[in-house]
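below are the sequence and a predicted model; questions follow.
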Amino acid sequence: MYNENIFHYLRTNKLPHIWCPGCAHGIITASILRGIDKLKLDKNKTSVISGIGCSGRTPGYLDMNTLHTTHGRSLTFATGIKFANPKLTVIDVMGDGDALAIGGNHFIHACRRNIDITAIIFNNNIYGMTGGQYSPTTPVNAYASTAPYGNVEPPFDIVKLATGAGATFVARGDAFHVALMDKIIEQAISHKGFSVVEIMATCPTQFGRRNKMKEPYQMLDFVANMAVSIKKWNEISEEEKEGKFPVGVFVDETRSEYCESYEENILKKVQRGEK
Amino acid sequence: MKKSYTHKIFKNLCKSCSLCVHYCPKNVLEIGEDRKVVAKRPEDCIGCHMCELRCPDFAIQVFECQAEEQKAAK
Ligand code: SF4
Ligand code: SF4
Ligand code: SF4
C-alpha cells in the first residue's frame, strides 16, 4: 500500500537495480519516491541529480529529469539547473565521500547560499563502489580497505557541518526508522531554501563484511542502534552518547533564497537599466 | 473483526536479502526454494507494512483484503 504508487516514478525496465542485496540505498530511494508522491510533485517538473558512487546510481532508476554527474560536483550541476529554471523541484542525492570529501567545498557553499535544493546524503560511512576505502564519516576504529588497523580519523558530524555553513533545513534520519525518514524527507523537499538530510545508511558489502556485520540486518540494526531521538539525546550522559547520533529535525528556518535574491537584487535592476 | 492482508511479491525484483523476513514481527514471510520471498502464513499478518518499507528492492507490497481473497491467494 505504501509503495503502491512508486512504480509510476521508476524506470521499471532498468530494474532490478544494481545495488547489493540488502543495501539501504533502495530503502532510501523508496522513501524519496513516497515523499514525491505524497507531495503530488509532477515528475516532469522534478529533477534528481547525483554524483559518483553507489548513491550516484539512484537517478538512473527514476523516471524524471535526471542527471548523473561527476564525483563531488553534483551540487554545482544542481545549482545550475535550479538557477536556470527555479520552478523545478531539485533533489541532489549524494554519498558521504561524494558530498563531504570530494565535494566538501561545493557542499558548504551551497549551504551558505541557501539555494532551494534538497540535498540527501546517503551516509554509509564508506566508499562502497570504489572498494571500501574509509570516508570522512567512517567511525573511529572501524575497518576499511585503507584502514586495515582501524580508522583513526574522527568523523564529520554532517548536521553540525551543515548548520554551521548556513543550511536553513537540517535533519538526520536512518534507514531503519522508515516513518521518521519519510517524514523528514517530505519536510525537506517542501522546505524553501537549502535542505540537508543525512540518512544513516548501510553497506553490507564493503563496510559490513569488514566490520563483522555481513548480514544486511546486522548493518541495519547497527544504524538503528546509533539513532537516538533529539528529546532522548538531551537527557542522556556524554558516555551514553558515544557512537550514537541524534535523529530528527535540527534546523528549520526561513532566510532569503538565492534564486529569489538574484532576481530581486540583480535581474530586476538590470531590466530597469539601473547600475 | 480481524483484518486480512494479502502480499504482492515481485519475484523478479527480490534479491533474497531476508530483511523483510527478519523484521516481520509475526513470522509471516520465508525465503522459498526458488530463493525468492514468499508469504507463508498470511493469516498471521497484522498489516504493519514493515516488510514493504524496509525492502530495498521495492519487491513486496501489503494490501488489506477480504478473508476469502487471502485464502484464494494462498
Ligand atoms: S557496495 Fe555497499 S553501498 Fe554499494 S551497493 Fe553494495 S552494499 Fe550498497
Ligand atoms: S505487514 Fe508486517 S506482519 Fe505482515 S508480512 Fe509485512 S512485516 Fe509481517
Ligand atoms: S526485503 Fe525485499 S529483496 Fe529482501 S528478501 Fe524481502 S522481498 Fe526480497
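Happy to help now that I have it. Ligands and ions are numbered 1, 2, ... in the order given.

ok, now which ones touch whichever residue of the stretch 51-200 of chain A sits closest to ligand 2?
Relative to ligand 2, the nearest point of the stretch 51-200 of chain A is A:V178 (11.6 Å; CB to the nearest ligand atom). Placement of C-beta: from N, CA and C, glycine included. When contacts are counted by CB atoms under 8 Å, 6 or more residues apart in numbering or on different chains, A:V178 touches A:27, A:31, B:50, B:53-54.

residue 59: how many residues sit nearby?
In the absence of a named chain, this looks at chain A. 23 (other CB atoms under 10 Å in any protein chain shown).

right idea, wrong chain: chain B
Each residue near B:A59 was counted by other CB under 10 Å, and the total is 25.

contacts for the worst-scoring helix or strand of chain A on mean pLDDT?
Counting by mean pLDDT, DSSP states H and E, the weakest-scoring helix or strand in chain A turns out to be helix A:268-271, with a mean of 94. By CB under 8 Å, 6+ apart, no surrounding residue is in contact with helix A:268-271.

show me what counts as buried in stretch A:178-190.
Neighbour-count burial for stretch A:178-190 flags A:178, A:180-189 (criterion: 16 or more other CB atoms under 10 Å in any protein chain shown).

ok, the nearest residue to B:F10 once chain neighbours are set aside - contacts?
Distance criterion CB to CB, 6 or more residues apart in numbering or on different chains; nearest residue to B:F10, sequence neighbours excluded, is B:A59 at 4.8 Å. Taking CB under 8 Å, 6+ apart as the criterion, B:A59 is in contact with B:9-11, B:13-15, B:37.

go through the residues you listed and name the one nearest A:T66.
Lowest distance from A:T66 to the contacts of B:A59 (CB to CB) belongs to B:L13, with 20.0 Å.

got the residue ranges for the helices in chain B?
B:19-23, B:50-54, B:67-73 (DSSP state H).

just give the nearest non-adjacent residue to B:C20, would you?
Using CB to CB, 6+ apart, the nearest residue to B:C20 is B:C51, at 3.6 Å.

surely the one you found and B:C17 touch.
No - applying CB atoms under 8 Å, one finds B:C51 not in contact with B:C17, separated by 11.5 Å.
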